[in-house]
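# Sequence first, then the predicted structure, then my questions.
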Amino acid sequence: MKILLFFCVIFAVCHNFCFAQQIKSDSICNFLKGKWYEEKDSKSRLVFYKDSVREYYKGNKDISILQYSVTDKCCDSSLISSKGIGFYLKETDRNGNIYCYVIMSIYPDLIELVYSGGRFLALRREKN
C-alpha cells in the first residue's frame with residue numbers, strides 16, 4: 001500500500017510540474033527579443049525587436065528586415081514531421097513570402113531551429 005501511495009504522489013507531482021511548465025507563444029516572443037548570432041557563423045547576426053520586427057546582418061551589412069511571429073500552426077508542410085516543442089517561428093518578408101522554422105528547443109542562451117529541407121540552425125544569445 002505504501003508503494004502505491006508513493007507512486008500516486010510522484011505521479012501527481014510530475015503531472016502538476018509538467019502543466020505548470022507549459023510554454024506560450026507570447027513568452028517565446030518575449031524570450032526572442034534581443035541580439036543573437038548563428039552558432040556556425042558568428043558574423044551572421046539577428047536582432048528581434050518587441051514590435052515583431054527581425055533584422056538580419058552579415059558583418060555590418062543589413063541583409064533583411066522581416067516581420068516575425070510565434071505560432072502553434074506549421075506554415076511549411078515539409079516541416080510537419082519535425083518534432084519540436086510545438087511552436088514555429090514564422091517570418092514574412094516585404095513581398096509577402098513566408099518562411100517557417102520549427103522551434104526544436106529553447107535554452108537561456110540558445111535556440112535550436114529546423115527549417116525547410118530539414119536544415120538545422122542554432123542561434124546563440126549575444127552577451128552584453
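Yep, that arrived.
# Setting aside sequence neighbours, what's the nearest residue to residue 54?
Nearest non-adjacent residue to residue 54, counting by C-beta to C-beta, 6 or more residues apart in numbering: residue 68, 4.6 Å away. C-beta: built from backbone N, CA, C; applies to glycine.
# Tell me who's in contact with the one you found.
For residue 68, the contact set (C-beta atoms under 8 Å, 6 or more residues apart in numbering) comprises 32, 48, 52-54, 89-92.
# and with 10 Å instead?
29, 32, 46, 48-49, 52-54, 89-92, 99, 101 (C-beta atoms under 10 Å, 6 or more residues apart in numbering).
# Would you list the buried entries among those residues?
Among these, those classed as buried by 16 or more other C-beta atoms under 10 Å are 29, 32, 46, 48, 52, 54, 89-91, 99, 101.
# Could you grab the helix/strand/coil label for the residue nearest to residue 54?
strand (DSSP: H, G, I helix; E, B strand; the rest coil).
# where does it sit relative to residue 25, distance-wise?
11 Å (C-beta to C-beta, to the nearest Å).
# Give me the common contacts of these two.
Common neighbours of residue 68 and residue 25 (C-beta under 10 Å, 6+ apart) are residue 89.
# quick one, strands of this structure?
34-38, 41-48, 53-58, 61-71, 88-92, 98-107, 110-115, 119-125 (DSSP state E).
# got the angle for the fourth one vs strand 41-48?
Yep, that's strand 61-71 we're talking about. Angle, strand 61-71 to strand 41-48, by axes from the mean of the first three to the mean of the last three C-alpha atoms, to 10 degrees: 50 degrees.
# Many thanks, I have nothing further to ask.
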